[in-house]
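Peer 1: here is a sequence together with a model predicted from it:
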Amino acid sequence: MGLARAWSVALFGVDGVPVEIEADVGAGTVKTQLLGLPDAALHESKDRVRAAIRNSAHDWPSQRVTLGLSPAALPKGGAGYDLALASVVLAAAGTIPADRLATTVLLGELALDGRLRAVRGVLPSLLAARRSGLLQAVVPVESLAEASLVEGLAIHGATTLTEVVTWLRGDDTALTPAPPPECPALPPSADLADVVGQPEARWALEVAAAGAHHLLLSGPPGTGKTMLAQRLSGLLPPLTTPEALEVTAIHSVAGLLSTEAPLVNAPPFIALHHSASVAALVGGGTGLAKPGSASKAHRGVLFLDEACEFSRVGLDALRTALEEGEVRLARQAGTVRYPARFQLVLATNTCPCAPPKEIDCTCTPRDRRRYLTKLSGPLLDRVDLRVRMRPLTAMNGAEVSSPEPTEVVRHRVLKARTRAATRWSSHGEPWLTNAEVPGPALRREFALPRQTTALLDRALSTGALTGRGADRCIRVAWTLADLAEAPQPTPAHVAAALEFRERRP
């Protein structure tokens, strides 16, 4: 009877690839064949689409139906192709005109009665469709708020297949137009003033926020390690529009977005239980790997409480992400890349028994060594700031003045970040924080005087510091200089940065 084409999108990580869906209805044995490397969920779409068309008062072709998804060598999965498959079959059968299908991307899962259900990854799919030159998009009504974040596409929302068919026949009032995008208010954050005492840890938290450095908090239980970690995201600046779209795309693929707050405009805070698997930390799964907590915390904070209770394999799996800012996951169906530029915050006790006072510890030296070696040397080498928490009994009444609230500290953090971003951009570099600056650039374009780095040279010569550790010390020294509004780090700043690294759990 005919041939028709429609468009949908396949997702590889947070990257979308436009998929051309073709339907051929013609003579031959009555059969429906789906080509193009579909997975099990997509292969079942034939039956879902047939039932949805029939229950929407339309006829399924009584001839051979061949459906092809191109590029044919690209693995495809999920139920998000249902709406495009149904539309292209009806167009090939002559039930609806095919004019609008040529410039429209169709996303959504069909129920058996023709209702349209939301799918994951609408935002990255529409971004890919816009890059490929498509002009319109039809998505489930539940996904309209998320879809409205994409500019340059005419977005329409549908609740049933019947509405889509009516729109494809030329009725522009059949679908719901996308609302104007809204920037949700920033969620409230816990106040730093709630943390009693701990001046060293509070200062380390400010330095970590100002330079996007990784942080290790160790000490007895109940001293405020978790409270401090939970307040770090409140010190960070709101996400810029490109950063917010990047983070929102990851959360969309992971299925974490809500219709009330479709845009993630605040740095995310992700906390994991110590029983989490490697797949939960960095991503995994069958077929194409799904994002893990490291990617969900992109541009935010990943907090691992009781870090020494995590498996060593899981902790070491974070090392590449800490260094490169992305996670690469290879599976049989292909290799995907997920952004993972987060701030890692580790919190741990100093031994398994974790008494309020170390003098009361009942652990043997072997038990303590086995416990602390979960944090491997290469992992700790990537942690810029290490802080030992004070016991509560040692700091009662230690602070004469009331602790500073989050708003005051955030103001200093924003000023320091602005100084850093201005400095790097003035040299034509894209870095926004000191933690992003590569080591070679620190040693060549932004080299410090020898007298400033004398302590680092001595530590390197004695083997107390690795080359990576020296680079990280310089980054922290730049952050300390930015907080002090100094033009460049002084020997005192370098000494303070080195002291942060010398503290072990």
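Peer 2: Here it is on my side, so go on. Just so we're clear, the structure is a prediction, and the values are computed from it rather than from any experiment.

Peer 1: what about the nearest residue to residue 117 once chain neighbours are set aside, distance to residue 281?
Peer 2: Excluding its sequence neighbours, the residue lying closest to residue 117 (Cβ to Cβ, 6 or more residues apart in numbering) is residue 109, at 4.3 Å. (C-beta placed from N, C-alpha, C; glycine too.) Distance, residue 109 to residue 281, using Cβ to Cβ, to the nearest Å: 29 Å.

Peer 1: and for residue 442?
Peer 2: 29 Å.

Peer 1: do the same with residue 258
Peer 2: For residue 258 relative to residue 281 (Cβ to Cβ), the value is 24 Å.

Peer 1: on that earlier part again, what about residue 442 and residue 281, which has more around it?
Peer 2: The neighbour count for residue 442 versus residue 281, taken as other Cβ atoms under 10 Å, is higher for residue 281 (24 against 20).

Peer 1: now do the contacts for the more buried one.
Peer 2: 272, 292-294, 314, 317-318 (Cβ atoms under 8 Å, 6 or more residues apart in numbering).

Peer 1: do the same with residue 73
Peer 2: Contacts for residue 73 (Cβ under 8 Å, 6+ apart) come out as residue 37.

Peer 1: now it: which helix or strand?
Peer 2: Per DSSP states H and E, residue 73 falls between elements, in no helix or strand.

Peer 1: which residues in the stretch 1-150 of the chain form helices?
Peer 2: Secondary structure of the stretch 1-150 of the chain by DSSP state H, counting those that start in this stretch: the helices cover 40-43, 45-55, 82-92, 122-131, 144-147.

Peer 1: report pLDDT for residue 389.
Peer 2: If you check residue 389, the pLDDT there is 87.

Peer 1: which residue sits closest to it, ignoring its sequence neighbours?
Peer 2: Per Cβ to Cβ, 6+ apart, closest to residue 389 is residue 219, 2.8 Å.

Peer 1: that older thread, from the contacts of residue 281, which would you call buried?
Peer 2: For these, a neighbour count by 16 or more other Cβ atoms under 10 Å gives the buried set as 272, 292-294, 314, 317-318.

Peer 1: which of these sit farthest apart?
Peer 2: Largest separation among these by Cβ to Cβ: 272 and 317, giving 12.4 Å.

Peer 1: same question for stretch 168-184, mean pLDDT?
Peer 2: Rounded mean pLDDT across stretch 168-184 is 90.

Peer 1: can you check stretch 332-348 too?
Peer 2: Taken as a whole, stretch 332-348 carries a mean pLDDT of 90.

Peer 1: name the residues of it that are buried.
Peer 2: Applying a neighbour-count criterion of 16+ other Cβ under 10 Å, one finds 333, 336, 338-348 buried in stretch 332-348.

Peer 1: strands - which of these land there?
Peer 2: Among those, the residues falling in strands (DSSP state E) are 336, 338-339, 343-348.

Peer 1: for the residue nearest to residue 117, what are its contacts?
Peer 2: Residue 109 neighbours (Cβ under 8 Å, 6+ apart): 48, 79-80, 82-83, 116-119, 140.

Peer 1: and residue 135, how far is that from residue 443?
Peer 2: Separation of residue 135 from residue 443 (Cβ to Cβ) stands at 49 Å.

Peer 1: same question for residue 34.
Peer 2: From residue 34 to residue 443 the distance is 56 Å (Cβ to Cβ).

Peer 1: neighbour count for the two, which is higher?
Peer 2: More crowded of residue 34 and residue 443, by other Cβ under 10 Å: residue 34, with 21 against 15.

Peer 1: so the more buried one is in contact with residue 42, correct?
Peer 2: Yes. If you go by Cβ atoms under 8 Å, residue 34 and residue 42 touch, sitting 7.3 Å apart.

Peer 1: ok, back up a step: quick one: which of the helices of the stretch 1-150 of the chain is nearest residue 433?
Peer 2: Checking those against residue 433 by Cβ to Cβ gives helix 122-131 as the closest, at 24.8 Å.

Peer 1: go through the closest one and flag the buried ones.
Peer 2: 122-130.

Peer 1: now, which of the residues you listed sits nearest residue 423?
Peer 2: Closest approach between these and residue 423, by Cβ to Cβ: residue 127, at 31.4 Å.

Peer 1: how about the closest one, what does it touch?
Peer 2: Contacts of residue 127 (Cβ under 8 Å, 6+ apart): 16, 150, 245, 249.

Peer 1: now those in TSV, with distance to residue 158, pLDDT and neighbour count?
Peer 2: Converted to TSV, the contacts of residue 127 look like this (distance: Cβ to Cβ, whole Å; pLDDT from 0 to 100; neighbours: other Cβ atoms under 10 Å):
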residue	distance to residue 158	pLDDT	neighbour count
16	20	92	25
150	17	94	21
245	24	93	19
249	22	95	28
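
Peer 1: from residue 269, how far out is residue 187?
Peer 2: Taken as Cβ to Cβ, the span from residue 187 to residue 269 is 10 Å.

Peer 1: among the two, which residue is more densely surrounded?
Peer 2: residue 269 (23 against 12).

Peer 1: hmm, residue 301 and that one touching each other?
Peer 2: Yes. If you go by Cβ under 8 Å, residue 269 and residue 301 touch, sitting 4.9 Å apart.

Peer 1: identify the contacts common to those two.
Peer 2: 232-233.

Peer 1: quick check: end-to-end length of stretch 243-263?
Peer 2: Start-to-end span of stretch 243-263 (Cα to Cα, to the nearest Å) is 11 Å.

Peer 1: now do stretch 245-261
Peer 2: 13 Å.

Peer 1: quick revisit: just flag the most distant two among the contacts of residue 127.
Peer 2: Of all pairs in the contacts of residue 127, the most separated under Cβ to Cβ is 16 and 245 at 13.0 Å.
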